[in-house]
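# Provide a 3D model corresponding to the input given below.
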Amino acid sequence: MNTKLYVENNKDRFINELIDLLKIPSISADSKYKKEMQDAAEMVEQQLKSAGCEKTQIFPTKGHAIVYGERIIDENLPTVLVYGHYDVQPPDPLDLWDSPPFEPVIKNTELHPEGAIYARGSCDDKGQMFMHVKALELMVNENALPCNVKFMIEGEEEVGSGNLAPFINDYKDMLANDVILISDTGMISKEHPSITTGLRGLSYVEVEVTGPNRDLHSGLYGGAVANPINILTKMIASLQDDNNRITIPGFYDKVEELTAEERAKMAEAPFDLEHYKDSIGIGNVHGETGFTTNERNSIRPTLDVNGIWGGYTGEGAKTVIASKAYAKISMRLVPHQDWNEITELFKTHFESIAPDSVSVKVTPHHGGQGYVTPIDGIEYQAADKAIQDVFGKSAIPLRSGGSIPIVALFEETFDSKTILLGFGLDSDAIHSPNEHFGVWNFLKGIETIPHFYKHFTQLKS
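Below is the predicted model:
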């Protein structure tokens, strides 16, 4: 199976087809884009058909549709279930994009001399999901598909996958598999391929602090009534101590503490602190005392304010004490921390620290459990062999700071392991302006994925 030659002969078409998908503003968080979400689902279904799926279907949900496809060559052979998503994050703030987020362009950079595709969703996750579609095409056209394959591509990953669990429960038999393959993560670098072996969980909440029953004149009332914005900022500041440790009672009770040996193994992954700081324009790193940067963003839980607002923010001045102040807060969790439990701990604590001059409302949005893939199973071994075939070296196992909340549910439902075989880079600016995905990375993913199918089928036999 010469995957490299097939990719080389078809790379221009692969890139152009991805660009067509990236042009669709499939923003799941914004109801204005409902039609575009459906358009994206239909394009994904059509691409699955063209790649070789013999059965496809778009399943409506209470939210956005889930696209299913399959190619079953022998019921006695193993089955790979590919999961991905076609929805994308909102592109705001638009003024920070160098080119329009839904008008994809290819730009050559020092890191990507072969070019990188700049567009919202290019890496997260349309580009990486599309690698699997094209890998199926390659295997079908080269008569090299060694096992069965199923696709489940959803449209709500960026808003918590609220309708995916019911879908999985309703169609458990249809989705039955031996391993789940996902590319919604990344690798260390082009020179250091890696396989993500752990994900953090997530608890996402919105808080609302209410003071007076209306906005007040800050001269007539200032100093005499509580200012909800002032109160909210003090409450948020109190959630972490001077060592950047979260102060919510019970928060760390179930946190997995890695051994010194495990931490030493993590430290073997190449990491340039100065480059890290330069790449995001900071003077120094910041985080929980006693842990390295790579530990802080992977094996330790966090609490971050994702947005905060209230009062007057328009041009000029308006001297008011706002009636309300708001914030959105996310907590990244590590294995054994239950996101529902953490959400309740947050709610109880946040309400308890509010002075009686204001009222507080905590609204949970979504969340999910953390996940760890064992590196001694045949699933990981197959992925590592695929990396060796294409990159000429073994992969580095790596825990990620990100979250894919549905992964823990996959294992619980199907009793099968998930392999996180990502080809993005930390510098791809996912969720940020100027998101991009290297052409080299995109094509290398298509070249590598068929080797996973080959090795997994051999090891499973």
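# Share the number of residues neighbouring V362, please.
17 (other Cβ atoms under 10 Å). Using the backbone N, CA and C atoms, a C-beta is placed for each residue, glycine as well.
# and it, which of the three is it?
Three-state assignment for V362 (DSSP: H, G, I helix; E, B strand; the rest coil): strand.
# Helices of the protein, start to end?
Applying DSSP state H to the chain gives helices spanning 3-22, 34-51, 126-141, 164-170, 218-221, 228-237, 260-266, 273-280, 293-296, 339-352, 378-391, 406-414, 439-460.
# which stretch among these comes nearest E114?
Judged by Cβ to Cβ, the one of the helices of the chain that comes nearest to E114 is helix 439-460, at 4.6 Å.
# Please point out which parts of that closest one sit buried.
For helix 439-460, burial by neighbour count (16 or more other Cβ atoms under 10 Å) applies to 439-457, 460.
# can you check stretch 106-126 too?
Buried-residue list, stretch 106-126, by 16+ other Cβ under 10 Å: 112, 115-126.
# and if you look at stretch 291-310?
292, 294-303, 310.
# Alpha carbons of the lowest-mean-pLDDT helix or strand in the chain, as CSV, please.
Among the helical and strand segments of the chain, the one scoring lowest on mean pLDDT, DSSP states H and E is helix 260-266, with a mean of 85. The C-alpha trace of helix 260-266 is given here as CSV (Å, rounded to 0.1, in the frame of the first residue of the first chain):
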residue,chain,number,x,y,z
ALA,A,260,7.7,10.8,40.2
GLU,A,261,8.4,8.2,37.5
GLU,A,262,5.4,9.2,35.5
ARG,A,263,6.3,12.9,35.7
ALA,A,264,9.8,12.1,34.7
LYS,A,265,8.6,10.3,31.6
MET,A,266,6.4,13.3,30.7
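# which outside residues touch it?
258, 294-295, 298-299, 399 (Cβ atoms under 8 Å, 6 or more residues apart in numbering).
# can you do 6 Å?
Helix 260-266 has contacts (Cβ atoms under 6 Å, 6 or more residues apart in numbering) with no other residue.
# Now do the buried residues in that helix.
M266.
# and what of stretch 161-170?
In stretch 161-170, counting by 16+ other Cβ under 10 Å, buried: 161, 163-164, 167-168.
# Tell me how many other residues crowd the nearest residue to G377 once chain neighbours are set aside.
Excluding the flanking residues, the one nearest G377 by Cβ to Cβ, 6 or more residues apart in numbering is K417, at 5.9 Å. Residues contacting K417 under the criterion other Cβ under 10 Å number 18.
# residues in contact with K417?
K417 neighbours (Cβ under 6 Å, 6+ apart): 179, 373, 377, 379.
# From the buried residues of stretch 106-126, which land in strands?
Among the buried residues of stretch 106-126, the residues falling in strands (DSSP state E) are 116-118.
# now those residues in JSON lines, with distance to M187?
Output for these, formatted as JSON lines (distance: Cβ to Cβ, whole Å):
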{"residue": "A116", "distance to M187": "15"}
{"residue": "I117", "distance to M187": "17"}
{"residue": "Y118", "distance to M187": "20"}
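# And those residues, which is closest to P104?
Closest to P104, out of all of those and judged by Cβ to Cβ, is I117, at 5.6 Å.
# In the beta-sheet assignment, what are the partners of the closest one?
Judged by DSSP bridges, the bridge partners of I117 are I106, F437.
# That one and T363, how far apart?
36 Å (Cβ to Cβ, to the nearest Å).
# ok so, going back, starting at the chain centroid, how far to the least confident helix or strand of the chain?
25 Å (Cα atoms, centre = their mean, to the nearest Å).
# quick one, domains of the chain?
As assigned by automatic domain parsing, the chain contains the domains 3-199+370-460, 201-255+301-368.
# F102 reaches P25, doesn't it?
Yes. Using Cβ atoms under 6 Å, F102 is in contact with P25, at 4.8 Å.
# Are any of the contacts of K417 buried, and if so which?
179, 373, 379.
# Look up how far P301 lies from A264.
21 Å.
# do V159 as well
22 Å.
# what pLDDT does the residue of the chain most remote from its centre get?
Among the C-alpha atoms of the chain, the one most distant from their mean position (Cα atoms, centre = their mean) is that of L220, at 47.6 Å. If you check L220, the pLDDT there is 94.
# quick one: it from I321, how far?
Taking Cβ to Cβ, one finds L220 at 9 Å from I321.
# How about H366?
32 Å.
# In terms of neighbours, single out the busier of those two.
I321 (24 against 17).
# surely the more buried one meets L216?
Yes. Under the criterion of Cβ under 6 Å, I321 makes contact with L216 at 4.4 Å.
# Just give me the neighbour total for S238.
12.
# same check, this time on the one 3 residues further on
By other Cβ under 10 Å, the residues close to D241 number 11.
# Would you mind measuring from it to T247?
6 Å.
# ok, now F151?
44 Å.
# got it, and T292?
Applying Cβ to Cβ to T292 and T247 gives a distance of 22 Å.
# ditto for W339
19 Å.
# neighbour count winner among the two?
W339 (22 against 12).
# Please name the residues that touch the more buried one.
With Cβ under 6 Å, 6+ apart, W339 has these contacts: 201, 203, 333, 367-368.
# Apart from its neighbours in sequence, what residue is nearest it?
In space, W339 is closest to G367, 3.6 Å off (Cβ to Cβ, 6+ apart).
# Quick check: beta-bridge partners of that neighbour?
S203.
# what's T289 in contact with, if anything?
Counted by Cβ under 6 Å, 6+ apart, T289 has contacts N243.
# And F442, by the same measure?
G127.
# try 7 Å this time
Listed by Cβ atoms under 7 Å, 6 or more residues apart in numbering, the contact set of F442 reads 127, 131.
# The one 3 residues further on now?
Contact partners of G445, counting by Cβ under 7 Å, 6+ apart, are 128, 131, 183, 423.
# per-residue confidence for the nearest residue to the second one once chain neighbours are set aside?
Taking Cβ to Cβ, 6+ apart as the measure, M131 lies nearest to G445, with 3.8 Å between them; neighbours along the chain are not counted. Reading off the per-residue confidence, G445 sits at a pLDDT of 98.
# could you measure G445 against N9, distance?
17 Å.
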